[in-house]
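Trainee: Fold the stuff below for me.
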Amino acid sequence: MPKTIFCSGGNRGQDKLDVEDTAQLILEYDNLSVSVSMCFVNKNKARNFNIIGDNGSIEWNETENNLKVYNNKRKTDIYFEKDLTNDKLFFDQAYKFINNWTLEDSKNSLESAGNSLAIVIAAKKSLLSGQVEIIKDSF
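Mentor: Modelled structure (predicted):
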């Protein structure tokens, strides 16, 4: 769980909806930083994240549908699944839930949901304050 978050963004598109259409987040963990960028303004969507640590970094780009893992020895591994779609991810998740969901899966899912909510609450607070916010534990 990250300790702090900074968020900028808002509604930048022509449709003035009560929802952010652009967001950039920086999440600070004990030993690493994660940046997330999301843009829903136009059809040329931009969704990606970077995780940077002492021993390397990880980069994900939805548009290119790939995950790049860099280590300090300048070696890069690229992971790409050509046929990966949102529909496939949804069906795989539904299959897991219907066929072999466990009590432990339920506990982990609820904990993840609580942590996600705590991050979103802190991100919204940061967006409004323009300041780094501490993320409170969800449980």
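Trainee: Might you list the low-confidence residue ranges for the chain?
Mentor: For the chain, applying pLDDT under 70 flags the ranges 12-19, 42, 45-46, 138-139.
Trainee: quick one: the strands in it?
Mentor: Remark: strands assigned in the chain by DSSP state E are 4-10, 22-28, 33-39, 46-53, 56-61, 66-71, 76-80, 133-134.
Trainee: which helices and strands sit right next to the fourth one?
Mentor: The criterion is 3 or more CB pairs under 8 Å, 6 or more residues apart in numbering; DSSP states H and E, and the helices and strands that strand 46-53 contacts are strand 33-39, strand 56-61. Yep, even glycine has a C-beta here, placed from its N, CA and C like the rest.
Trainee: Can you mark which positions in it are buried?
Mentor: Neighbour-count burial for strand 46-53, counted by 16 or more other CB atoms under 10 Å, picks out Phe49, Asn50, Ile51.
Trainee: show me what contacts the last one?
Mentor: Residues touching Ile51, when contacts are defined by CB atoms under 8 Å, 6 or more residues apart in numbering, comprise Leu32, Ser33, Val34, Ser57, Ile58, Glu59.
Trainee: can you do 10 Å?
Mentor: For Ile51, the contacting residues are Leu27, Tyr29, Leu32, Ser33, Val34, Ser35, Val36, Ser57, Ile58, Glu59, Trp60, Val69, by CB atoms under 10 Å, 6 or more residues apart in numbering.
Trainee: Ok, the second one next?
Mentor: Contacts of Asn50 were listed using CB under 10 Å, 6+ apart, and they are Ile26, Ser33, Val34, Ser35, Val36, Ser37, Ser57, Ile58, Glu59, Trp60, Asn61, Lys68.
Trainee: May I have the beta-bridge partners of it?
Mentor: Ser35, Glu59 (DSSP bridges).
Trainee: how much space between it and Glu111?
Mentor: Shown here: Asn50 relative to Glu111, a distance of 25 Å by CB to CB, to the nearest Å.
Trainee: same thing with Glu133?
Mentor: For Glu133, the distance to Glu111 - CB to CB - is 21 Å.
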